[in-house]
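A.B. asks: Sequence below, structure please.
(2 chains)
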Number of protein chains: 2
Amino acid sequence: MSRLGAQTLAFDVPVAITAQTSIVGPKEGKGPLRAWFDVILEDDLLGQKSWELAESEMVCRAVERTLDAAGLAPERTQAMLSGDLNGQIIASSFAARALGIPFLGLYGACSTFVQALILGAALVSGGYLDNAVCVSSSHYCTAERQFRFPVEMGNQRPPQASWTTTACGCALLARSGGAGEPRIASGTIGRVIDLEIKDANHMGAAMAPAVCACIAAHFEDTGRSAADYDLIATGDLGWIGRNILMELFHRADVQMPDEKLVDCGASIFFQEQDSHAGGSGCGCVASVSCGWLIKRIRSGELKRVLVAGSGAMLSPVSCQQGQSIPGISYAVCIEGGAV
Amino acid sequence: MSRLGAQTLAFDVPVAITAQTSIVGPKEGKGPLRAWFDVILEDDLLGQKSWELAESEMVCRAVERTLDAAGLAPERTQAMLSGDLNGQIIASSFAARALGIPFLGLYGACSTFVQALILGAALVSGGYLDNAVCVSSSHYCTAERQFRFPVEMGNQRPPQASWTTTACGCALLARSGGAGEPRIASGTIGRVIDLEIKDANHMGAAMAPAVCACIAAHFEDTGRSAADYDLIATGDLGWIGRNILMELFHRADVQMPDEKLVDCGASIFFQEQDSHAGGSGCGCVASVSCGWLIKRIRSGELKRVLVAGSGAMLSPVSCQQGQSIPGISYAVCIEGGAV
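C.D. replies: Below you'll find the predicted structure:
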């Protein structure tokens, strides 16, 4: 209900994450985090006629499983905040059509899940909604043909390219919640920052400056430092982008111990899995947050985590027109343990 | 701070519209509402190299003019809620890059401006933000090549096609505000509804069911009827879509006197202007609201208006895959006079 500083909202009325679901594709299901995901798809077409319909079906399944776990009927779910990488966010809107839940469509590229958590928490904490489901997805085959080339072309990928994950994460927010339930404590809204990266395959570099600025703003607004968090998770810079971010923190004089910072894109694949720079896509930070981070907060292993989602605000048109790639980042503080 | 019903949020702490700007292109500037718009562009390329950059420049100018009118510096503006029809909302995100305001990207197709007003009002009324700028744009030449064909092709348009407006509307929200200042009283979040329209040129038909359901939900949640409003403005169904909506109201037993309902798309052009079914695009309801409706509330001519923005959630990919076109609608109640 209050503002902590220039860019950070504090949720004085606690907003609990009452249930969450992570769904990933077959490749992601062979990565280091495979034991943490709720569903590993055997067929990434999910029985659909197109990759886009498959992605939408994945969103539906993630929402349905989350609501089932919480014992909440779709018709009693008051809002679905959702977005994806497809033009005009069709994976989300087609899922919202099937689910029938009042819909708020968002676009923050790969940062969308964190943007949804912040807006959803504000609506719930402020008393506007009793509950809200926050979800975001990506699919390797929809994103490749949206932003680069159809996978059928067998196009070569440069080493700095990230691999768009086939993944979806969904979190149900509600007021109160029992002690120890993960809860959203605050959220920082980032600015769009552009250091003139023009390589659409080098998204870690395009997003790192926005992540650095957003985390620095979060620390400034809250009077905290990395020492106040068990973990700071970025999503999704990949291995190269994470190194750039560490260098930017160093230059900006932001203390960031190397062991405190994990990147979702650098965590979801083994380097031997040929994903090049690591994982990316709206579903990466969403599935890793719901599968790996929130579960560890729920179990008490982690007490306070800052999740900084980042998005590269490019489009096929802006790239073809030779424009550089602006980045955006949002950061959300998730806490566990006694209130 | 409270919920009025299943889909409607009430803003008990008043949220004032402290300033607003409407910018339209040359064609819109020859229409019936020309006297109401703040800026009529002579050159719809705005001195830029591409239509997409021109649309983004229009967003920048609308925000800058709005902040100037309110005497608010961009660096003291706490959030920009914005979206447009371009894939990955590049008109909005590129404008946010230039303006440096913390950015929340939204996508609700042509309903985006109303979605922004509802979310912005919740963030301001809930005390999370002191102010928020809500903006949405469209450009005929970016939308045509995004959804249909480049204008250079001189493609024929069927009579049910609407004309995407070159337009932008921007409203600055802040708490309190003086008596008589227009204020956002409540907002209704719609569901995605699809009656299986597959003609991407017939968006009025695709959206009308969602508008009918959203306005009916608003009436149900608030215990009001059309009689409680001076005007109900839909955006943007056009002339054909408006007729379909009246028929849907009749079948759903929702009383709607013909003279109470104006459609922004059916109001922005003269029928002789060869716009076929009327105006559409994210900028239509935004510019008509900021230019025509909010000014008349500010002057005291209108006391209470319901603006129901609607969006057709299609994408080039979903159309090419033969999918039908889901619709979404949001409704916002704007009041004037004594608090």
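A.B. asks: From here on, just use CA atoms for contacts and neighbour counts.
C.D. replies: Will do.
A.B. asks: So which residues of the stretch 151-300 of chain A form strands?
C.D. replies: Counting by DSSP state E, counting those that start in this stretch, the stretch 151-300 of chain A has strands at residues A:163-164, A:167-175, A:180-189, A:231-235, A:261-263, A:279-280.
A.B. asks: Format these as JSON lines; extra columns: distance to chain B.
C.D. replies: What follows is the strands of the stretch 151-300 of chain A, written out as JSON lines (distance: least, C-alpha to the nearest C-alpha, whole Å):
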{"stretch": "strand A:163-164", "distance to chain B": "16"}
{"stretch": "strand A:167-175", "distance to chain B": "13"}
{"stretch": "strand A:180-189", "distance to chain B": "6"}
{"stretch": "strand A:231-235", "distance to chain B": "17"}
{"stretch": "strand A:261-263", "distance to chain B": "23"}
{"stretch": "strand A:279-280", "distance to chain B": "16"}
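A.B. asks: mind putting the ones you listed in CSV, distance to A:Leu314, mean neighbour count and mean pLDDT included?
C.D. replies: Rendered in CSV, the data for the strands of the stretch 151-300 of chain A read as follows (distance: least, C-alpha to C-alpha, whole Å; neighbours: other C-alpha atoms under 10 Å in any protein chain shown; pLDDT from 0 to 100):
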stretch, distance to A:Leu314, mean neighbour count, mean pLDDT
strand A:163-164, 15, 24, 96
strand A:167-175, 20, 30, 97
strand A:180-189, 19, 27, 94
strand A:231-235, 17, 26, 97
strand A:261-263, 21, 21, 98
strand A:279-280, 14, 30, 96
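A.B. asks: Including distance to B:Cys141, could those go into CSV?
C.D. replies: Below are those laid out as CSV (distance: least, C-alpha to C-alpha, whole Å):
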stretch, distance to B:Cys141
strand A:163-164, 31
strand A:167-175, 34
strand A:180-189, 32
strand A:231-235, 35
strand A:261-263, 40
strand A:279-280, 32
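A.B. asks: So which helix or strand of chain A has the lowest pLDDT on average?
C.D. replies: strand A:2-3 (a mean of 54; mean pLDDT, DSSP states H and E).
A.B. asks: State the next helix or strand along the chain beyond that one.
C.D. replies: Next helix or strand after strand A:2-3 toward the C-terminus (DSSP states H and E): strand A:8-24.
A.B. asks: buried ones in that next one?
C.D. replies: With burial defined by 16 or more other C-alpha atoms under 10 Å in any protein chain shown, the residues of strand A:8-24 counted as buried are A:8-11, A:13-24.
A.B. asks: can you tell me the residue of the stretch 201-339 of chain A closest to chain B?
C.D. replies: Chain B sits closest to A:Ser315 of the stretch 201-339 of chain A, with a gap of 5.6 Å, by C-alpha to the nearest C-alpha.
A.B. asks: Now do the contacts for that residue.
C.D. replies: Counting by C-alpha atoms under 8 Å, 6 or more residues apart in numbering or on different chains, A:Ser315 touches A:147, B:87-88, B:90.
A.B. asks: shaky segments in chain A?
C.D. replies: Applying pLDDT under 70 to chain A flags the ranges A:1-5, A:177-178, A:339.
A.B. asks: Give me the domain ranges for chain A.
C.D. replies: The record's domain parsing of chain A by automatic domain parsing lists A:14-175, A:182-337.
A.B. asks: right, so of those, which gets closest to B:Pro158?
C.D. replies: B:Pro158 sits nearest to domain A:14-175 of all the domains of chain A, at 23.3 Å, using C-alpha to C-alpha.
A.B. asks: start to end distance for that closest one?
C.D. replies: End-to-end distance for domain A:14-175: 6 Å, by C-alpha to C-alpha, to the nearest Å.
A.B. asks: Show the residue spans covered by the helices in chain A.
C.D. replies: For chain A, applying DSSP state H gives helices covering A:51-70, A:90-99, A:112-125, A:140-147, A:203-222, A:238-251, A:264-267, A:282-288, A:294-298, A:316-320.
A.B. asks: could you dump these to CSV with mean neighbour count?
C.D. replies: What follows is these, written out as CSV (neighbours: other C-alpha atoms under 10 Å in any protein chain shown):
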stretch, mean neighbour count
helix A:51-70, 22
helix A:90-99, 25
helix A:112-125, 30
helix A:140-147, 20
helix A:203-222, 25
helix A:238-251, 20
helix A:264-267, 26
helix A:282-288, 34
helix A:294-298, 21
helix A:316-320, 16
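A.B. asks: among these, which is nearest B:Leu248?
C.D. replies: helix A:90-99 (19.2 Å).
A.B. asks: Now do that closest one and helix A:140-147, the angle between them.
C.D. replies: 130 degrees (axes from the mean of the first three to the mean of the last three C-alpha atoms, to 10 degrees).
A.B. asks: counting contacts, what elements does helix A:90-99 pack onto?
C.D. replies: helix A:51-70, strand A:80-84, strand A:103-105, strand A:131-138 (3 or more C-alpha pairs under 8 Å, 6 or more residues apart in numbering or on different chains; DSSP states H and E).
A.B. asks: can you put these in JSON lines and add distance to chain B?
C.D. replies: Formatted as JSON lines, those follow (distance: least, C-alpha to the nearest C-alpha, whole Å):
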{"stretch": "helix A:51-70", "distance to chain B": "8"}
{"stretch": "strand A:80-84", "distance to chain B": "8"}
{"stretch": "strand A:103-105", "distance to chain B": "5"}
{"stretch": "strand A:131-138", "distance to chain B": "11"}
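A.B. asks: Keeping just the C-alphas, turn stretch A:186-204 into CSV.
C.D. replies: Extracted C-alpha coordinates of stretch A:186-204, given in CSV (Å, rounded to 0.1, in the frame of the first residue of the first chain):
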residue,chain,number,x,y,z
SER,A,186,7.9,-5.5,-2.8
GLY,A,187,8.5,-4.9,-6.5
THR,A,188,10.6,-2.5,-8.5
ILE,A,189,9.4,-1.1,-11.9
GLY,A,190,12.3,-0.7,-14.3
ARG,A,191,13.1,1.9,-17.0
VAL,A,192,13.7,1.0,-20.7
ILE,A,193,17.5,1.3,-21.2
ASP,A,194,19.3,0.9,-24.5
LEU,A,195,23.1,0.8,-24.9
GLU,A,196,22.8,0.4,-28.7
ILE,A,197,23.2,-3.3,-29.0
LYS,A,198,22.0,-4.3,-32.5
ASP,A,199,22.7,-8.0,-32.6
ALA,A,200,19.3,-9.7,-32.1
ASN,A,201,21.2,-12.8,-31.2
HIS,A,202,23.0,-11.1,-28.3
MET,A,203,20.1,-10.5,-25.9
GLY,A,204,22.1,-10.9,-22.7
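A.B. asks: Before I go, just wanted to say thanks for your time.
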